[in-house]
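Q: Let me see the structure of the following:
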Amino acid sequence: MLWVLLLLVASGAAALSCLRLCLAAAVVDRARDPGDVELTLYETAFLAGGPHRVADLALVTMHLRRRLLLAHTGWATVVDPEGRDEVERTVIHAIGPAGQSLIPPIRAATAAAGAVRALADRLVAAGLALPGGERTDLASAVRTVRGAALLEVAMAGAALLLPGQEQGHGGPLTTEWVWFGLPLVLTLGCLVIARLEIHPWDSWASPTGQRLLDSYAAPAGGADRDVLAAVAVRGVGAVDDPALRAALTGDGRAAHRGPHL
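A: This next block holds a predicted model:
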């Protein structure tokens, strides 16, 4: 009856992992009515893609409005040193006194700056964004449930390989598969419900913020505004200009070529 011990291990893993996911989801899903909230582009960018999306939006905004030049080689050059908001001033500060810098360190410094943290804190306080810990806990809980499901399959396979198993209809083997199927159904069902209710699991937005983001309508304002709204929602992949997209998606390998424009 060694298979009973394997079943207990599989069942315990299923129960504990599903309980952890339920608790994490309960903490995250503090639904509240956001009222007539009108998201700014920076807020939209954070909810859709987090701090790095905010940095990308600021870089594209400054490039389109001729306050910054982003070269396809991956360099940024300051044209107008007067930022129009705190995030833009953070970008200029990240570039440094030389007025030129590679884009990846600018993006990283801006994403970690106080201006973006303050934006995140406002969205968390409004119930539209998830605190970092809760976001991490939810993603970790989902991975735990997936791991439990794999463990159940492994335990069932181990039980199948135990000596003395009979293959007859209605025999011990059939009974074992039925019992091992119960925790597997529990974990898979938990994942399905979680996907319907709280997916995407690694979202920066809370369920309330995600609903607001799903209903987001880009403010009117011309072609540049359309590009900025697309970057806020979908990221730099939404940029049509190949040179600008290359500047933003480069990995810094252009450093040896210098800041050519």
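
Q: Considering only helices and strands, which part of the protein has the lowest mean pLDDT?
A: helix 172-198 (a mean of 78; mean pLDDT, DSSP states H and E).

Q: Where does pLDDT dip in the stretch 151-261 of the chain?
A: Applying pLDDT under 70 to the stretch 151-261 of the chain flags the ranges 164-177, 197-202, 217-224, 251-261.

Q: For it, which segments count as strands?
A: Under the criterion DSSP state E, counting those that start in this stretch, the stretch 151-261 of the chain carries no strands.

Q: Tell me the buried residues in the top helix by length along the chain?
A: With secondary structure taken from DSSP state H, the chain has its longest helix at helix 132-161. The neighbour-count check on helix 132-161 (16 or more other C-beta atoms under 10 Å) flags 134-135, 137-138, 141-142, 144-145, 148-149, 151-152, 155-156, 159 as buried. (Glycine included, C-beta is placed from N, CA and C.)

Q: Could I get the full set of helices for the stretch 1-150 of the chain?
A: 2-28, 41-49, 51-64, 86-95, 103-111, 114-125, 132-161 (DSSP state H, counting those that start in this stretch).

Q: so which of those helices comes closest to L70?
A: Among the helices of the stretch 1-150 of the chain, helix 51-64 comes nearest to L70, with 4.6 Å by C-beta to C-beta.

Q: Just want the angle from the least confident helix or strand of the chain to helix 2-28.
A: Orientation check (axes from the mean of the first three to the mean of the last three C-alpha atoms, to 10 degrees): helix 172-198 against helix 2-28 gives 10 degrees.

Q: what angle separates helix 172-198 from helix 132-161?
A: Using the same axes, to 10 degrees: helix 172-198 against helix 132-161 is 160 degrees.

Q: Show me how far helix 172-198 is from its chain's centre.
A: Distance, stretch centre to chain centre, for helix 172-198: 27 Å (C-alpha atoms, centre = their mean, to the nearest Å).

Q: Would you mind listing where the stretch 1-150 of the chain has pLDDT under the threshold?
A: 1, 27-36, 132-136.

Q: neighbours around the closest residue to L151 other than its chain neighbours, how many?
A: Distance criterion C-beta to C-beta, 6 or more residues apart in numbering; nearest residue to L151, sequence neighbours excluded, is A13 at 5.1 Å. Neighbourhood size, A13 [other C-beta atoms under 10 Å]: 21.

Q: show me what contacts A13?
A: Counting by C-beta atoms under 8 Å, 6 or more residues apart in numbering, A13 makes contact with G147, A148, L151, E152, P183.

Q: Tabulate those in CSV, adding columns for distance to L123.
A: Listed next are the contacts of A13 as CSV, based on distance: C-beta to C-beta, whole Å:
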residue, distance to L123
G147, 31
A148, 32
L151, 37
E152, 38
P183, 38
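
Q: What's the separation between P81 and V227?
A: 23 Å (C-beta to C-beta, to the nearest Å).

Q: So for those two, which residue has more residues nearby?
A: Neighbours per residue, other C-beta under 10 Å: of P81 and V227, the larger number sits with V227, 18 against 13.

Q: Look up how far H63 lies from the more buried one.
A: Relative to H63, V227 is positioned 10 Å away (C-beta to C-beta).

Q: quick one: the residue nearest to L151 from G127, how far?
A: 33 Å.

Q: L244 too?
A: 35 Å.

Q: if you count what's nearby, which of the two comes out ahead?
A: A count of neighbours by other C-beta under 10 Å puts L244 above the other of L244 and G127, at 20 against 16.

Q: For the residue lying closest to that one once chain neighbours are set aside, which residues count as its bridge partners?
A: In space, L244 comes closest to L70 once its chain neighbours are excluded; the distance is 6.0 Å by C-beta to C-beta, 6+ apart. Counting by DSSP bridges, L70 forms beta bridges with A76.

Q: shouldn't L70 be in contact with L59?
A: Yes. Here L70 reaches L59: they are 6.3 Å apart, a contact under C-beta atoms under 8 Å.

Q: Now do the shared contacts for these two.
A: What both L70 and L59 touch, as defined by C-beta under 8 Å, 6+ apart, is the set A76, I103, L248.

Q: Since that was my last question, I'll sign off now.
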